[in-house]
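Participant: Here is my input, please return the structure:
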Amino acid sequence: MTTIDVRGQVDLSVHGIHAHREVIWNATTPVLYEHAIARHEARIGEGGPMVVDTGTHTGRSPNDKFIVREPASEGRIWWDGNRELPEELFEPLREKVTDFLAKQPMLYVVDAFAGADPAHRIAVRVVTTHPYHALFAKTMFIDPTSAEAAAFHPQALVLHAPALEAKPEEDGTRTGTFIVLHPTRTEVLIGGTFYAGEIKKSIFTVMNDRLPLENVFPMHCSANVGNDGRTAIFFGLSGTGKTTLSADPERVLIGDDEHGWGDNGVFNFEGGCYAKVIKLSAEAEPEIFETTHTFGTILENVAIDENGKLDLDDASKTENTRAAYKLEQIANAHPDKRAGHPSNVIMLTADAFGILPPIARLSRDQALYYFLSGFTAKLAGTEIGVTEPQPTFSTCFGAPFLPQPPAVYAEMLGRKLDEHGSTVWLVNTGWTGGQFGEGTRMPIAATRAMLHAALSGALDDVEYRTDDVFGFEVPVAVPGVDAQLLEPRLTWGDPSAYDRKANELAQMFRENFERFDAPSLAAAGPRS
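Facilitator: Below you'll find the predicted structure:
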């Protein structure tokens, strides 16, 4: 097993870690493969991906995520939406983590950046006990140049000890699992879970706190740009199609999940993609499928047999099987991970009720209404305990990652729409012909056809109908799409059942929106 002891190059004592054994700093992908295989923590699948099992935690643990309540930041934090950890409990828990890390035979350090715009990037250091998690961090964040690595000064620190469990009665946590952010120190503690997505989303939370202070709008969205220079962003929660729909062979991919919208346009926070791969189709999603059989990709909880053959259809471990891969593995990825201001803003929702149309055009106030509502269905496996689609409202399409109040982000979106005149679309990638269990999932080919029409401007001057219940505009016809699909009521066997369910969903929207003090925007929602 190749090892590189670089204690002279990176001094972990500045972080309170007095390691006396090996420290592996910014290791190459082959070295991290060697270590993971030698430690029996991974296997190599056909084509070369690293295949790992995340154990008990196969999804995020949002109920075990905390923000430290401390004087310098508490006035800007959204305490109604975040669990607090008293500041006096942070340091003892941090000492447990650093003591645990110091006792490990080997530590892995990854220095990288979050944010492709140099004016708004943050230098991130991840210290972890496992080569798999080091490779994940190396994959998901942006690599420094050799000169940048040599002069690296971390601005955010992730102390990652997945095998260490907290003691709730001592540490103030809910369970043994903890993801804790100290906003002013920009430090994250992670323990009690091997699910690597917590590393990625903890830094996303940091960016969601930091960037509004710099007048940059942070977004839980994917983004791409056409040959005509027209940029599109795709808001959406996990499982709604952010990754799949932005990886379009006819457009250049900027990124699949996290972006900022600043004065110069859109920029990716990450250097990689983290895609759901359950039942991934080589025909419908060829670019992503190719990455699952490529050296350097990490496959989480994907079934693999004794010969290294992968089975992407096997959900025996979880529905939330994942692939983490460098953005450059997508053939048409944007080398700069940046583009201009969006011409189109897409809000993706996976409607488990089968009520919303496959595409609708929103007014400016409707855009803010549906952004604040963040309606979708949580899909199986994305979070612990979710075994089938559950209708949910996750404000700003990312409530678990918002340190500040939702109004902060909604106001920023409103200003951007006013400044740049972007067209906003609501796209349902969920169910049609009935609710979950009765209808079918929206055909991805039809969704792609509608998006191509919208992004090209082909829907700018077509005929629209106004939805009787929700009030948004729905195109009467889209080239290449069955017209009946555009009017969900016609896809149901019992139109009266559709009407009842539509009114039920509209009432859910209205009740959810009561928590926002925004009467003018409430008028843009479903009609009573």
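
Participant: show me what contacts His120?
Facilitator: The contact partners of His120, by CB atoms under 8 Å, 6 or more residues apart in numbering, come to 211, 214, 216, 260, 262, 267. C-betas here are computed from N, CA, C, even on glycine.

Participant: Please check those residues and keep the buried ones.
Facilitator: Among the contacts of His120, those buried by neighbour count (16 or more other CB atoms under 10 Å) are 211, 216, 260, 262, 267.

Participant: is it true that the last one touches Lys337?
Facilitator: Going back to what we said before, that points to Phe267. Yes. Look at Phe267 against Lys337 with CB atoms under 8 Å: they come within range, at 6.3 Å.

Participant: hmm, back to that, from the buried ones among the contacts of His120, pick the one nearest Ala116.
Facilitator: For the buried ones among the contacts of His120, the residue nearest Ala116 by CB to CB is Phe267; the value is 4.5 Å.

Participant: pretty sure that closest one belongs to a helix, no?
Facilitator: No. Assigned with DSSP: H, G, I helix; E, B strand; the rest coil, Phe267 falls outside any helix and is strand.

Participant: List the residues that contact it.
Facilitator: Applying CB under 8 Å, 6+ apart to Phe267 gives the contacts 115-117, 120, 254, 259-260, 337-338.

Participant: Just list whatever residues bridge to it.
Facilitator: According to DSSP bridges, the partner residues bridging Phe267 are Gly260, Arg338.

Participant: Likewise for Pro475?
Facilitator: Tyr464.

Participant: repeat for Phe178
Facilitator: Beta-bridge partners for Phe178, by DSSP bridges, are Gly191.

Participant: Relative to His130, how far out is it?
Facilitator: Per CB to CB, to the nearest Å, Phe178 is found 17 Å from His130.

Participant: how about Asp171, phi and psi?
Facilitator: In terms of degrees, to the nearest 10, the main-chain angles of Asp171 are phi -100, psi -10.

Participant: Would you mind confirming that it is in contact with Leu93?
Facilitator: Yes. If you go by CB under 8 Å, Asp171 and Leu93 touch, sitting 4.9 Å apart.

Participant: ok, Ala112 - contacts?
Facilitator: By CB under 8 Å, 6+ apart, the neighbours of Ala112 are 123-124, 126, 137-138, 141-144, 271.

Participant: same question, Met207
Facilitator: Taking CB under 8 Å, 6+ apart, we find Met207 in contact with 114-115, 122, 218, 258, 260, 269.

Participant: Spell out the residue ranges of the helices in the stretch 301-450 of the chain.
Facilitator: All helices of the stretch 301-450 of the chain, identified by DSSP state H, counting those that start in this stretch, fall at 364-373, 406-420, 444-456.

Participant: Which helix or strand contains Arg94?
Facilitator: Here Arg94, judged by DSSP states H and E, is contained in helix 87-102.

Participant: After that helix, heading C-terminal, what element do we hit next?
Facilitator: The C-terminal neighbour of helix 87-102 among helices and strands, as given by DSSP H and E, is strand 106-114.

Participant: now the spatially most central residue of the chain: how far from Gly457?
Facilitator: The centroid of the chain falls nearest to Asp257 when counting by CA atoms, centre = their mean (4.6 Å). Distance of Asp257 to Gly457, given as CB to CB: 26 Å.

Participant: One more: Ile122?
Facilitator: The gap separating Ile122 from Gly457 is 36 Å, by CB to CB.

Participant: Please apply the same query to Asp351.
Facilitator: As judged by CB to CB, Asp351 and Gly457 stand 26 Å apart.

Participant: More neighbours: the two, which one.
Facilitator: Asp351 (27 against 13; other CB atoms under 10 Å).

Participant: Name the nearest residue to Asn428, sequence neighbours excluded.
Facilitator: Sequence neighbours aside, Leu356 is the residue nearest to Asn428 in space, at 4.2 Å (criterion: CB to CB, 6 or more residues apart in numbering).

Participant: Could you do Asp313 as well?
Facilitator: Counting by CB to CB, 6+ apart, Lys279 is the residue found nearest to Asp313 once chain neighbours are left out, at 5.3 Å.

Participant: for Asn268, same thing?
Facilitator: Once flanking residues are discounted, Asn268 sits nearest to Gly255: 3.3 Å by CB to CB, 6+ apart.

Participant: swap in Asn503?
Facilitator: Using CB to CB, 6+ apart, the closest residue to Asn503 is Val469 (6.8 Å).

Participant: how about the one you found, phi and psi?
Facilitator: Phi and psi for Val469, reported as degrees, to the nearest 10, are phi -100, psi -50.

Participant: Return the distance of it relative to Val225.
Facilitator: Noted for Val469: a distance of 34 Å to Val225, by CB to CB.

Participant: cool, Asn512 as well?
Facilitator: The gap separating Asn512 from Val225 is 33 Å, by CB to CB.

Participant: Show me which helix runs longest in this structure.
Facilitator: The residue-count maximum for a helix in the chain (DSSP state H) belongs to helix 495-513.

Participant: For that one, the averaged confidence score.
Facilitator: Helix 495-513 shows a mean pLDDT of 96.

Participant: Which residues belonging to the next helix or strand after it are considered buried?
Facilitator: Later in the chain than helix 495-513, the nearest helix or strand by DSSP H and E is helix 519-522. Residues of helix 519-522 classed as buried: 521-522 (neighbour count, 16+ other CB under 10 Å).

Participant: circling back: can you give me every residue that contacts the residue nearest to Asn268?
Facilitator: By CB under 8 Å, 6+ apart, the contact set of Gly255 is 222-223, 246, 268-270, 273, 327, 337.

Participant: ranges for the strands of the stretch 301-450 of the chain?
Facilitator: Ranges of strands in the stretch 301-450 of the chain, per DSSP state E, counting those that start in this stretch, are 303-304, 310-311, 322-326, 338-339, 342-349, 360-362, 375-378, 390-393, 423-428, 431-432, 440-441.

Participant: Looking at those strands, spot the one closest to Tyr498.
Facilitator: strand 431-432 (10.8 Å).

Participant: Could you tell me which strands sit next to the closest one in the sheet, and their orientation?
Facilitator: Applying DSSP bridges, one finds strand 431-432 paired with strand 440-441 (antiparallel).

Participant: and the partner strand, average pLDDT?
Facilitator: 94.

Participant: cool, stretch 28-45 as well?
Facilitator: 98.

Participant: With stretch 80-98 instead?
Facilitator: With pLDDT averaged residue by residue, stretch 80-98 scores 98.

Participant: Buried ones in it, by neighbour count?
Facilitator: Of the residues in stretch 80-98, 81-83, 85, 89-90, 93-94, 96-98 count as buried by neighbour count, 16+ other CB under 10 Å.

Participant: just stretch 183-201 next, same as before
Facilitator: Across stretch 183-201, burial judged by 16+ other CB under 10 Å covers 183, 186-201.

Participant: re earlier: quick one: the strands of the stretch 301-450 of the chain as a markdown table, columns for mean neighbour count and distance to Leu417 too.
Facilitator: Putting these into a markdown table (neighbours: other CB atoms under 10 Å; distance: least, CB to CB, whole Å) gives the following:
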| stretch | mean neighbour count | distance to Leu417 |
| --- | --- | --- |
| strand 303-304 | 18 | 44 |
| strand 310-311 | 16 | 43 |
| strand 322-326 | 25 | 32 |
| strand 338-339 | 23 | 17 |
| strand 342-349 | 24 | 7 |
| strand 360-362 | 22 | 10 |
| strand 375-378 | 24 | 19 |
| strand 390-393 | 16 | 21 |
| strand 423-428 | 24 | 7 |
| strand 431-432 | 24 | 28 |
| strand 440-441 | 14 | 30 |
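
Participant: Thanks a lot, see you next time.
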